[in-house]
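need a 3D model of the sequence below.
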Amino acid sequence: MAGYILALDQGTTSSRAILYDNHARPIKMAQQPTTLKTPQASFVEQDAQQIWQTQISCAHDVINQAGLLATDVTSIAITNQRESIVMWDKQTGKPLAPAIIWQDRRTASYCKTLAAKSPSAKTDNSHDDMASEIQRLTGLRLDPYFSASKIAWLLENDPKLRVRANKGEIAVGTIDSWLIYKLTGGEHVIDVTNACRTLLYDIHKLAWSEELCTCFGIPMNILPKVLPSDGDFGKTKKGLFAKQIPIQAVLGDQQAALFGQGCLNAGMAKNTYGTGCFMLMNIGKEPKLSEHKLLTTIAWQRKSTPTRPDNLSFDQIVQSGRRLLQPPKREVTYALEGSVFMAGAIVQWLRDNLGMIQQSSEVEHLARQVDSSEEVVLLPAFTGLAAPYWRSDINASITGMSRGTTKAHIARAALEAIAYQTYDVLIAMQKDSPHPLTELRVDGGAANNDLLMQFQADLLGVPVLRPKDTEITAKGAALLAGLKTGLYDETTIQASWQIDRIFEPEMSADRREQHLDKWQKAIDRALKVL
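Here you go, the predicted model:
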């Protein structure tokens, strides 16, 4: 079957579009940067119009670069930065405020106050605090990272928006919702993997929670309709392309990476080294709430493969008069997730704020100029610490410096900090999951850093597997769209995943313990200061 999948990958720092052929191979990519704005401390914003304009421009560019026509594109897939929100006018489609980005911490005090409140008397959990009730319903933690407090902040800080929201005149959504609205000319929908990151979605009932919407003061009429990850999200509006292209797969970026890495079985895990660092482990068809400060999230919801009833033989099915194949169902797969706020962003900080390097790719060469970071530890709590600490009140620091410390030591410590944070997440994940980790599949820009990947394998004590295609996020969404349209089958997922390099653990146990002890002391110092 001929055809192409157009994957739109809207990230924190850029918009990209990648075309995949009928074997799920990337053939062309277009990319444009987007601008992060920090108008005041703890605020992180983007221009929603710029997000849209860069994304649609990339979509047209990549089709032109490939020498194709829009009529060659079978389907559009979308993957996006999660938790970031856009609020817009339902009639005009114009943004009513800057997009508030997932890194934004302006609602830290709001979340702290809300955490101590008692949940609604309607529930059987009135003895719990609100934070516990939120985790029970959503699998998440009450934190500024997620979308609900961002939406609440907009409504509370602009009385006109509150009035208009109560009248049903405005729409709000995550970045996928915003792009779909603009692409289709009016569809207000969201995929389940993005909905479950809002703190407003019940992952057990698979529906918006009236209780949580009331808790955050968010009218339910401004929220989008929730669809499965391989749902029908509408077609592009007339005139946008030479034909109306269906949008048939949407996944939040980290879930897309889990799918693209082929982690389809319980116990398989991946780590994405992007702006942040995100480790996800497939835990199967039942949600399990973390006891070690990780998140439980929906990995995807998609049509199952038709199966024979109860694994009966053909003759038994005929004799019983039952259907030959059970119809496919919309199956939900869940995952445990550990989120690290600062990963590649640490390298960006070295580049942009300290001027230590000109390009992010130069950090490995700089770090290799020394054999060790010595006693230097960079604690990258620029926006607090995420899993498994969840402390928004901790500040970044560099400790252990001496007169002989150079920028090479700091660069090496920066890379080590990424691996240390991943180690902390893995330890928590292993306590929650009955499945021992035997390997870690990696992707994202920083996964191309050999020094970092080797140090990661040494800390974890398991092989780190890097595929040839580390742009796995867009690929995951494209694979799901291809499966929906029939362009791909299930074998395409594994066939398209090829190893570039396996990093085997090499460090001695004693040396490993020395490294971990150094990191733990830095964490303990930060926690005790407060």
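
which residue ranges of the stretch 201-350 of the chain form strands?
Assigned by DSSP state E, counting those that start in this stretch, the stretch 201-350 of the chain shows strands spanning 201-202, 207-208, 225-227, 247-252, 269-273, 277-284, 295-303, 330-340.

any stretches of the stretch 251-400 of the chain with poor pLDDT?
Flagging of the stretch 251-400 of the chain using pLDDT under 70 yields the residue ranges 304-330.

sorry, slip of the keys, the one I care about is the stretch 1-150 of the chain.
Ranges of the stretch 1-150 of the chain meeting pLDDT under 70: 1, 118-128.

mind running it again at 90?
Counting by pLDDT under 90, the stretch 1-150 of the chain shows low-confidence ranges at 1-2, 13, 41-42, 103, 112-131, 143, 145.

can you give me the strands in it?
So, for the stretch 1-150 of the chain - with DSSP E, counting those that start in this stretch - the strands run 4-10, 14-20, 26-33, 45-46, 73-80, 85-89, 99-100.

same deal with the stretch 351-500 of the chain?
Using DSSP E, counting those that start in this stretch, strands in the stretch 351-500 of the chain cover 377-379, 397-399, 440-443, 464-467, 499-503.

so what does the third one touch, helix or strand wise?
Helices and strands touching strand 440-443, by 3 or more Cβ pairs under 8 Å, 6 or more residues apart in numbering; DSSP states H and E, are strand 269-273, helix 450-460, strand 464-467. (Glycine included, C-beta is placed from N, CA and C.)

alpha carbons of the last one, as CSV, please.
Only the C-alpha atoms of strand 464-467 are listed here, as CSV (Å, rounded to 0.1, in the frame of the first residue of the first chain):
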residue,chain,number,x,y,z
VAL,A,464,21.3,1.2,27.4
LEU,A,465,20.0,0.7,23.9
ARG,A,466,20.1,3.5,21.4
PRO,A,467,18.2,3.1,18.1
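
and that strand, which strands flank it?
strand 440-443 (parallel), strand 499-503 (antiparallel) (DSSP bridges).

next, the buried residues of the longest one.
Put plainly, it is strand 499-503. residue 503 (16 or more other Cβ atoms under 10 Å).

let's test this: mean pLDDT of it, rounded?
Strand 499-503 carries an average pLDDT of 95.

next one: it to chain centre, how far?
The chain centre lies 23 Å from the centre of strand 499-503; the measure is Cα atoms, centre = their mean, to the nearest Å.

same question, the shortest one
Between the centre of strand 440-443 and the centre of its host chain there is 14 Å, according to Cα atoms, centre = their mean.

now do stretch 175-193
Relative to its chain's centre, stretch 175-193 lies at 17 Å (Cα atoms, centre = their mean).

now do stretch 262-276
10 Å.

nearest spatial neighbour of the one residue sitting closest to the centre of the chain, skipping sequence neighbours?
Nearest to the geometric centre of the chain sits residue 254, at 3.3 Å (Cα atoms, centre = their mean). The shortest distance from residue 254 to any non-neighbouring residue, by Cβ to Cβ, 6 or more residues apart in numbering, is to residue 278 (4.4 Å).

pull the number of nearby residues for that neighbour.
29 (other Cβ atoms under 10 Å).

quick one, what contacts it?
Taking Cβ atoms under 8 Å, 6 or more residues apart in numbering, we find residue 278 in contact with 254, 257, 271, 272, 337, 338, 339, 340.

and what of residue 204?
137, 287.

and it, how far is that from residue 198?
Residue 204 sits 15 Å away from residue 198, going by Cβ to Cβ, to the nearest Å.

can you check residue 399 too?
Distance from residue 399 to residue 198, by Cβ to Cβ: 36 Å.

neighbour count: these two, which is higher?
More crowded of residue 399 and residue 198, by other Cβ under 10 Å: residue 198, with 29 against 15.

adding distance to residue 246, write the strands paired with strand 464-467 out as CSV.
Below are the strands paired with strand 464-467 laid out as CSV (distance: least, Cβ to Cβ, whole Å):
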stretch, distance to residue 246
strand 440-443, 27
strand 499-503, 33
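
go through the ones you listed and name the closest to residue 147.
Nearest of the strands paired with strand 464-467 to residue 147, taken as Cβ to Cβ: strand 440-443 at 24.2 Å.

helices of the stretch 351-500 of the chain, start to end?
Applying DSSP state H, counting those that start in this stretch to the stretch 351-500 of the chain gives helices spanning 363-367, 407-432, 450-460, 472-485, 490-495.

hey, least reliable of those by pLDDT?
Looking at the helices of the stretch 351-500 of the chain, the bottom one is helix 490-495 with a mean of 87.

tell me the buried residues in stretch 54-70?
54, 55, 56, 58, 59, 61, 62, 63, 66, 68, 70.

restricting to C-alpha, output that stretch in PDB.
The C-alpha trace of stretch 54-70 is given here as PDB (Å, rounded to 0.1, in the frame of the first residue of the first chain):
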ATOM      1  CA  THR A  54       5.700  27.500  12.700                       C
ATOM      2  CA  GLN A  55       3.900  24.100  12.800                       C
ATOM      3  CA  ILE A  56       1.900  24.600   9.600                       C
ATOM      4  CA  SER A  57       4.800  26.200   7.900                       C
ATOM      5  CA  CYS A  58       6.900  23.100   8.600                       C
ATOM      6  CA  ALA A  59       4.100  20.900   7.300                       C
ATOM      7  CA  HIS A  60       4.100  22.600   4.000                       C
ATOM      8  CA  ASP A  61       7.900  22.800   3.800                       C
ATOM      9  CA  VAL A  62       8.400  19.100   4.400                       C
ATOM     10  CA  ILE A  63       5.900  18.100   1.700                       C
ATOM     11  CA  ASN A  64       7.600  20.500  -0.800                       C
ATOM     12  CA  GLN A  65      11.100  19.200   0.200                       C
ATOM     13  CA  ALA A  66      10.100  15.600  -0.500                       C
ATOM     14  CA  GLY A  67       8.800  16.600  -3.900                       C
ATOM     15  CA  LEU A  68       5.300  15.300  -3.000                       C
ATOM     16  CA  LEU A  69       1.800  16.700  -3.100                       C
ATOM     17  CA  ALA A  70      -0.700  16.800  -0.300                       C
END
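
now residue 237: how far from residue 30?
From residue 237 over to residue 30 the distance is 21 Å, taken as Cβ to Cβ.

who has more neighbours, the two?
Taking other Cβ under 10 Å, residue 237 and residue 30 do not tie; residue 30 has more neighbours (20 against 14).

so the more buried one sits against residue 65, correct?
Yes. Between residue 30 and residue 65 there is a contact under Cβ atoms under 8 Å: 6.4 Å.

now do the contacts for the nearest residue to residue 379 once chain neighbours are set aside.
Computed as Cβ to Cβ, 6+ apart, the closest residue to residue 379 that is not its neighbour in sequence is residue 397, at 4.9 Å. Contact analysis of residue 397 by Cβ under 8 Å, 6+ apart lists 378, 379, 381, 522, 526.

tell me the one of those nearest residue 210?
Proximity of these to residue 210 (Cβ to Cβ) peaks at residue 381, which lies at 35.5 Å.

that closest one: neighbour count?
Other residues close to residue 381 by other Cβ under 10 Å number 21.

how about residue 184?
Close neighbours of residue 184, defined as other Cβ under 10 Å, add up to 19.

can you check the one 3 residues further on too?
In terms of burial, residue 187 registers 19 neighbours under the definition other Cβ under 10 Å.

CA atoms only: put stretch 230-243 into CSV for me.
Extracted C-alpha coordinates of stretch 230-243, given in CSV (Å, rounded to 0.1, in the frame of the first residue of the first chain):
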residue,chain,number,x,y,z
ASP,A,230,-6.2,6.5,17.3
GLY,A,231,-9.5,8.4,17.1
ASP,A,232,-11.0,10.4,14.2
PHE,A,233,-9.9,13.9,15.0
GLY,A,234,-11.4,15.5,11.9
LYS,A,235,-10.0,16.6,8.5
THR,A,236,-7.9,19.6,7.6
LYS,A,237,-10.1,22.5,6.6
LYS,A,238,-10.5,23.3,2.9
GLY,A,239,-7.7,25.4,1.4
LEU,A,240,-5.1,24.5,4.0
PHE,A,241,-3.7,21.7,1.8
ALA,A,242,-4.6,20.6,-1.8
LYS,A,243,-6.9,18.0,-0.2
